[in-house]
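Peer 1: Make a model of this:
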Amino acid sequence: MGPILSALQMSLRSLAKLSEVIATTSCIGMWIPRSTMFTDFTAAVFFAIVIHKFMLMMIKECGGQKLFLRRFENDRFKISTGPCCCCCLCLPYVHITRRTLFLLKLGTFQLAFLRPVLMFLSIVLWTNGNYNLSDLTPNGAAIWINCFTGVLTIIALWPIGIMFQQVRVLLNCKKIIPKFALYQFVLILSQLQAAIINILALRGIIPCAPPLASLARGAYMNQQLLIMEMFLITLISRVVYRKRYDDLELPECTDQETSDNKQNAKVNLNGKVIEDGTQNV
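Peer 2: Residues are numbered from 1 along each chain as shown. Purely as a prediction, here's the structure:
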């Protein structure tokens with residue numbers, strides 16, 4: 001019973017913790033502006049891990065990898081989905097095999113592994129004075145690291161979209177659509193919103209306000225927005241992901257309880273056997 005419950009509750013813990021981590025790091029970034037690189041590193045690493053865990057959650061809620069392959073052994077993956085190939089409708093369908101499922105999981109795992117490495121590299125370069133967000137020239141490290149991170153993120157979101165298209169009908173009873181929508185909101189608010197605000201600050205549209213420069217003020221505004229947004233997402237996720245213990249389908253536990261009841265139907269009391277609540281005298 002424990003492993004099944006933990007698998008079903010994994011996504012609740014991951015999404016709720018993700019929004020809490022982003023809100024906490026935003027608070028620290030507001031109090032200590034020079035810690036923005038470290039707070040962004042923490043939030044980015046946790047976000048990359050949660051993307052991979054969301055993929056594992058969809059597989060586990062289908063009964064695990066073996067049951068998933070058995071259920072969809074005659075079906076095919078539709079790979080013409082966003083964000084990579086939503087316009088490439090001519091792409092062929094791919095058979096659902098153990099190899100293709102491994103490639104999908106590898107697509108999300110590469111972000112969970114490579115993004116922390118790139119963020120750590122950017123921090124090392126920043127402490128050495130070689131990393132500057134305002135330096136977008138080809139000779140700067142910021143543009144290359146950010147572009148490479150964006151490509152890795154898009155590649156990781158592609159398997160999520162492929163898997164969601166496959167299981168959304170089967171897991172509709174488990175509210176997979178609002179769960180997926182919450183992850184999309186977290187992605188947009190934590191990644192795209194920050195990128196837009198940074199571009200506006202670099203262009204001078206967000207003016208400086210001493211003692212904060214344009215970039216620092218843009219980061220400050222983004223952190224204020226994230227605190228409120230992540231608080232609302234935390235509340236919504238706890239409503240969408242919550243499951244009652246008596247509503248969980250636990251066939252293995254049910255079979256075990258049935259066998260236990262049959263064994264308890266005969267009880268030895270003072271050398272005499274009681275069956276179905278009556279004593280044989």
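Peer 1: tell me the SS of the spatially closest residue to residue 78 that is not a sequence neighbour?
Peer 2: Distances taken as CB to CB, 6 or more residues apart in numbering place residue 165 nearest to residue 78, at 5.4 Å, with adjacent residues excluded. Where C-beta positions appear, they are placed from N, C-alpha and C, glycine not excepted. What DSSP: H, G, I helix; E, B strand; the rest coil gives for residue 165 is helix.
Peer 1: per-residue pLDDT, residue 165?
Peer 2: For residue 165, the pLDDT comes out at 86.
Peer 1: For it, give its distance to residue 209.
Peer 2: 46 Å (CB to CB, to the nearest Å).
Peer 1: ok, the two, which is more surrounded?
Peer 2: Neighbours per residue (other CB atoms under 10 Å) separate residue 165 from residue 209, with residue 165 holding more: 15 against 11.
Peer 1: how close does that one get to residue 224?
Peer 2: Distance of residue 165 to residue 224, given as CB to CB: 36 Å.
Peer 1: same thing with residue 83?
Peer 2: Distance of residue 83 to residue 224, given as CB to CB: 28 Å.
Peer 1: And the strands in the stretch 1-150 of the chain?
Peer 2: Remark: strands assigned in the stretch 1-150 of the chain by DSSP state E, counting those that start in this stretch are 76-77, 94-95.
Peer 1: Tell me which of those strands is the most buried.
Peer 2: Using mean count of other CB atoms under 10 Å, the stretch among these with the largest mean neighbour count is strand 76-77, at a mean of 17.
Peer 1: who does that one pair up with?
Peer 2: Applying DSSP bridges, strand 76-77 is found paired with strand 94-95 (antiparallel).
Peer 1: what's next to the partner strand, contact-wise?
Peer 2: 76, 77, 79, 100 (CB atoms under 8 Å, 6 or more residues apart in numbering).
Peer 1: which one among these gets closest to residue 66?
Peer 2: residue 100 (15.0 Å; CB to CB).
Peer 1: For that closest one, grab the count of nearby residues.
Peer 2: When neighbours are counted by other CB under 10 Å, residue 100 registers 17.
Peer 1: go on, the one 10 residues further on?
Peer 2: When neighbours are defined as other CB under 10 Å, residue 110 has 16 of them.
Peer 1: Need the per-residue pLDDT for it.
Peer 2: In this prediction, residue 110 carries a pLDDT score of 91.
Peer 1: What ranges in this protein fall below the confidence cut-off?
Peer 2: 1-16, 85-88, 242-281 (pLDDT under 70).
Peer 1: Let's see that with 80 instead.
Peer 2: 1-20, 33-37, 80, 82-91, 129, 132-140, 174-175, 202-204, 208-216, 237-281 (pLDDT under 80).
Peer 1: What sits closest to residue 166 if chain neighbours are left out?
Peer 2: Spatial nearest neighbour of residue 166, excluding adjacent residues (CB to CB, 6+ apart): residue 77 at 6.1 Å.
Peer 1: OK, contacts around that neighbour?
Peer 2: Per CB under 8 Å, 6+ apart, neighbours of residue 77: 93, 94, 95, 96, 100, 104, 162, 166.
Peer 1: Which member of those is positioned nearest residue 232?
Peer 2: residue 162 (28.8 Å).
Peer 1: where's that closest one, which helix or strand?
Peer 2: Applying DSSP states H and E as the criterion places residue 162 in helix 141-167.
Peer 1: Tell me the buried residues in that helix?
Peer 2: Buried positions in helix 141-167, judged by neighbour count with 16 or more other CB atoms under 10 Å: 141-142, 145-146, 149, 152-153, 155-164, 166-167.
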